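Engineer: My questions are about this predicted structure, shown below with the sequence.
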Amino acid sequence: MGQQFEATFDSLRNYQCPEWFRDAKFGIWSHWGPQSVPMCGDWYARNMYIQGTPQNLYHVRHYGHPSKFGYKDICKLWKAENFDPEELMGLYHKAGAKYFVAQAMHHDNFFNYDSQIHPFNSVKIGPQKDICALWKAAADKYHMPFGLTEHLGASFSWWITNKTCDSYGPYKGVPYDGNDPAYSQFYHANQEHVIPGDTTGKMAQWLTGNKEFHAHWLDVMKELVDKFHPALLYSDSGLPFEEEGFQPGLEAVAYLYNDSIQQNGSNQAVYTQKNRDAQVYEVGVLDIEKSQLPGVQERPWQTDTCIGNWFYDATQVYKRPEQIIEMLIDIVSKNGTMLLNILQRPDGSIDEEARYLLEELATWFPVCGQAIYGTRPWRVFGEGDTRVLIDGFREDKTDWNSSDYRFTQKDNTLYAFIMEMPENSVPVIKSLTPQDKVSSVELLGAGPVPFAQNYGVLTVQLPEKLPTKYTNCLAIHLD
């Protein structure tokens with residue numbers, strides 16, 4: 001049995017990322033819940049209570065005023081009637097995913113599993129299904145490590161908007177249903193965070209200082225670990241609620257790791273959070289939302305991103321397969337991993353465009369997957385003129401040119417992804433040195449190709465017909 005962790009930075013600093021996560025590189029996430037019902041995108045439960053926002057206008061005109069028809073009533077409409085986790089997991093596995101992550105709860109405080117702590121959950125309301133348990137069973141069938149995301153930490157301060165009212169119009173001054181004491185367990189007794197007179201939903205802080213909520217959060221995290229024994233737990237925040245004398249975040253992480261030690265003999269669990277302070281991210285794996293890092297990182301890290309909006313949005317433009325693939329390559333070259341949200345409709349199905357994207361990924365991974373899975377960064381992540389934009393949550397498609405390559409390595413093989421195919425089909429790679437003796441070169445999916453090496457510079461002649469219409473990759477075998 002492995003060494004147990006204590007709920008301290010000194011103890012958790014000894015964390016080592018398990019090899020399964022370092023090898024997996026690509027996971028799929030179900031960021032799904034009752035906020036998908038209106039098909040109006042992310043943060044619906046918050047914005048439906050902010051007068052004049054697009055989601056508020058949609059809600060009022062489609063369902064009625066939130067004093068009469070609130071978010072609790074949206075939850076009752078979520079049925080997940082066409083949810084087929086085994087069929088979806090089969091698609092995700094075929095599309096190249098090596099781990100799967102489900103959402104345990106979003107900031108809306110609605111739990112997607114059969115909680116004994118919180119009655120507002122998917123077994124008692126709405127679908128009447130244990131969504132997370134069904135996902136885990138499907139992931140287990142495909143031998144995919146199963147993770148959970150918790151967004152509860154920010155919920156207490158995030159959901160202050162349900163305590164306000166309209167500032168003009170026919171319902172001016174009429175309290176929204178979040179003010180009803182009968183639903184305070186769902187909507188939170190969070191009046192301390194409401195700014196008097198403000199109807200815009202300003203958040204004074206992302207994570208509350210309310211100690212009673214801190215204890216509740218920790219109880220929920222322990223319930224998740226006890227019920228699901230997750231291989232990965234993600235917090236949509238920094239490590240929650242660090243304060244003097246009581247550190248529920250550290251206690252939850254130690255509880256997760258010690259459970260994994262008990263289950264596996266050694267810690268195989270991953271905890272991800274978003275605080276870039278070294279002391280904090282050393283307790284687990286740093287997560288970057290809808291962005292990434294600029295170069296090779298010593299420690300493994302994760303980008304979480306989505307094909308469109310975080311919750312299903314009928315108006316959202318999706319990323320195309322080539323952008324997903326190029327993002328993945330750039331991330332993996334820097335010691336990162338990609339967790340990709342595949343959007344689900346409220347009934348649990350995915351639309352034709354999402355299915356197409358998965359089917360296209362399923363054509364690329366059999367060709368180039370060996371240059372992704374189980375690899376490690378090379379001495380440089382790439383060469384060429386182009387860098388991915390790193391600017392908040394922007395994910396513009398990168399305009400590559402023929403000078404651009406991204407590298408990974410495994411044993412004595414250097415993999416070079418050709419980010420933009422040269423017009424003459426002759427890639428030129430300049431990052432090798434004369435000491436890097438090349439013995440042979442393969443084009444993945446096609447076989448050996450002619451090459452020449454002069455003073456380290458490698459030139460390769462590619463065939464006219466390429467094995468994939470997306471990014472192709474060279475396997476450069478070194479002596």
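Structural biologist: Looks like it came in fine. Numbers count the residues shown, from 1 in each chain.

Engineer: center of this structure - which residue?
Structural biologist: residue 304 (3.1 Å; Cα atoms, centre = their mean).

Engineer: wait, what's in contact with it?
Structural biologist: Counting by Cβ atoms under 8 Å, 6 or more residues apart in numbering, residue 304 touches 29, 234, 287-290, 339, 341. C-beta coordinates here come from the backbone N, C-alpha and C atoms, glycine included.

Engineer: which SS state does it fall under?
Structural biologist: Counting by DSSP: H, G, I helix; E, B strand; the rest coil, the backbone at residue 304 sits in strand.

Engineer: Okay, and the beta partners of the residue nearest to it when sequence neighbours are not counted?
Structural biologist: Nearest in space to residue 304, with sequence neighbours left out and distances taken as Cβ to Cβ, 6 or more residues apart in numbering, is residue 339 at 4.5 Å. Assessed by DSSP bridges, residue 339 has beta-bridge partners residue 27, residue 304.

Engineer: any idea how far residue 436 is from the closest residue to residue 376 other than its chain neighbours?
Structural biologist: Spatial nearest neighbour of residue 376, excluding adjacent residues (Cβ to Cβ, 6+ apart): residue 409 at 5.9 Å. Distance, residue 409 to residue 436, using Cβ to Cβ, to the nearest Å: 11 Å.

Engineer: With residue 221 instead?
Structural biologist: Going from residue 221 to residue 436 by Cβ to Cβ gives 47 Å.

Engineer: For these two, indicate the residue with more neighbours.
Structural biologist: Between residue 221 and residue 436, counted using other Cβ atoms under 10 Å, residue 221 has the larger neighbour count: 25 against 15.

Engineer: Read off the pLDDT value for the more buried one.
Structural biologist: Residue 221 is assigned a pLDDT of 98 by the prediction.

Engineer: ok, now which ones touch residue 126?
Structural biologist: Shown in contact with residue 126 (Cβ under 8 Å, 6+ apart): 34, 75-80.

Engineer: Please name the residues that touch the residue nearest to residue 304.
Structural biologist: By Cβ under 8 Å, 6+ apart, the contact list for residue 339 reads 27-29, 101, 302-305.

Engineer: send the alpha carbons of stretch 223-238 over as CSV?
Structural biologist: Written as CSV, here are the backbone C-alpha positions of stretch 223-238 (Å, rounded to 0.1, in the frame of the first residue of the first chain):
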residue,chain,number,x,y,z
GLU,A,223,-19.4,11.7,-1.4
LEU,A,224,-18.2,11.9,-5.0
VAL,A,225,-14.9,10.1,-4.1
ASP,A,226,-16.7,7.4,-2.1
LYS,A,227,-19.3,6.8,-4.7
PHE,A,228,-17.3,6.9,-7.9
HIS,A,229,-13.6,6.5,-7.0
PRO,A,230,-12.8,8.9,-9.9
ALA,A,231,-9.5,8.7,-11.7
LEU,A,232,-9.7,12.4,-12.2
LEU,A,233,-11.4,15.2,-10.3
TYR,A,234,-11.5,18.7,-11.8
SER,A,235,-12.4,21.9,-9.9
ASP,A,236,-13.7,24.8,-12.0
SER,A,237,-11.7,27.2,-9.9
GLY,A,238,-8.4,27.4,-8.1
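
Engineer: got the buried residues for it?
Structural biologist: Within stretch 223-238, the residues that count as buried by 16 or more other Cβ atoms under 10 Å are 223-225, 227-238.

Engineer: Cross those residues against helices and list the overlap.
Structural biologist: Members of the buried residues of stretch 223-238 lying in helices (criterion: DSSP state H): 223-225, 227-228.

Engineer: which one of those residues is nearest residue 93?
Structural biologist: Nearest to residue 93 out of these is residue 228 (Cβ to Cβ; 19.3 Å).

Engineer: wait, that closest one sits on residue 137?
Structural biologist: No. Applying Cβ atoms under 8 Å, one finds residue 228 not in contact with residue 137, separated by 10.9 Å.

Engineer: Can you give me the distance of the residue nearest to residue 304 to residue 270?
Structural biologist: Noted for residue 339: a distance of 11 Å to residue 270, by Cβ to Cβ.

Engineer: Can you list the neighbours in contact with the lowest-mean-pLDDT helix or strand in the chain?
Structural biologist: Sorting the helices and strands of the chain by mean pLDDT, DSSP states H and E puts helix 278-281 at the bottom, at a mean of 92. Helix 278-281 has contacts (Cβ under 8 Å, 6+ apart) with 9, 13, 238-239, 273, 275, 299.

Engineer: Name the member of these with the most neighbours.
Structural biologist: residue 239 (26 neighbours).

Engineer: Next up, the contacts around the residue lying closest to residue 427 once chain neighbours are set aside.
Structural biologist: Distance criterion Cβ to Cβ, 6+ apart; nearest residue to residue 427, sequence neighbours excluded, is residue 460 at 5.0 Å. For residue 460, the contact set (Cβ under 8 Å, 6+ apart) comprises 426-427, 429, 441, 443, 449-451, 474.

Engineer: Just name the closest of those residues to residue 466, please.
Structural biologist: For the contacts of residue 460, the nearest to residue 466 is residue 443 (7.7 Å; Cβ to Cβ).

Engineer: residues contacting that closest one?
Structural biologist: Shown in contact with residue 443 (Cβ under 8 Å, 6+ apart): 449, 460, 462-463, 466-467, 472-475.

Engineer: Tell me the most packed of the residues you listed, by neighbour count.
Structural biologist: Busiest of those [other Cβ under 10 Å] is residue 473, holding 26 neighbours.

Engineer: Any idea what it is bridged to?
Structural biologist: Judged by DSSP bridges, the bridge partners of residue 473 are residue 417.

Engineer: I'd like the distance between it and residue 322.
Structural biologist: 14 Å.

Engineer: what residues are up against the residue lying closest to residue 435 once chain neighbours are set aside?
Structural biologist: Excluding its sequence neighbours, the residue lying closest to residue 435 (Cβ to Cβ, 6+ apart) is residue 456, at 7.8 Å. The neighbours of residue 456, taking Cβ under 8 Å, 6+ apart as the test, are 430, 432-436.

Engineer: What's the ChimeraX line that selects buried ones from these?
Structural biologist: Selecting only the buried entries of these in ChimeraX, with 16+ other Cβ under 10 Å as the criterion:
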select :432
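
Engineer: Tabulate the contacts of residue 456 (TSV), appending distance to residue 63, secondary structure and pLDDT.
Structural biologist: Output for those, formatted as TSV (distance: Cβ to Cβ, whole Å; DSSP: H, G, I helix; E, B strand; the rest coil; pLDDT from 0 to 100):
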residue	distance to residue 63	secondary structure	pLDDT
430	60	coil	97
432	62	coil	97
433	65	coil	94
434	69	coil	92
435	68	coil	94
436	63	coil	95
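
Engineer: which two in the contacts of residue 456 are spaced the farthest apart?
Structural biologist: Pairwise distances across those peak at 14.5 Å for 430 and 435 (criterion: Cβ to Cβ).

Engineer: got a pLDDT number for the spatially closest residue to residue 208 that is not a sequence neighbour?
Structural biologist: What sits nearest to residue 208 in space, not counting adjacent residues and going by Cβ to Cβ, 6+ apart, is residue 156, at 4.3 Å. Note for residue 156: predicted pLDDT of 97.

Engineer: Name the SS class of residue 156, please.
Structural biologist: Residue 156 is classified as helix under three-state DSSP.
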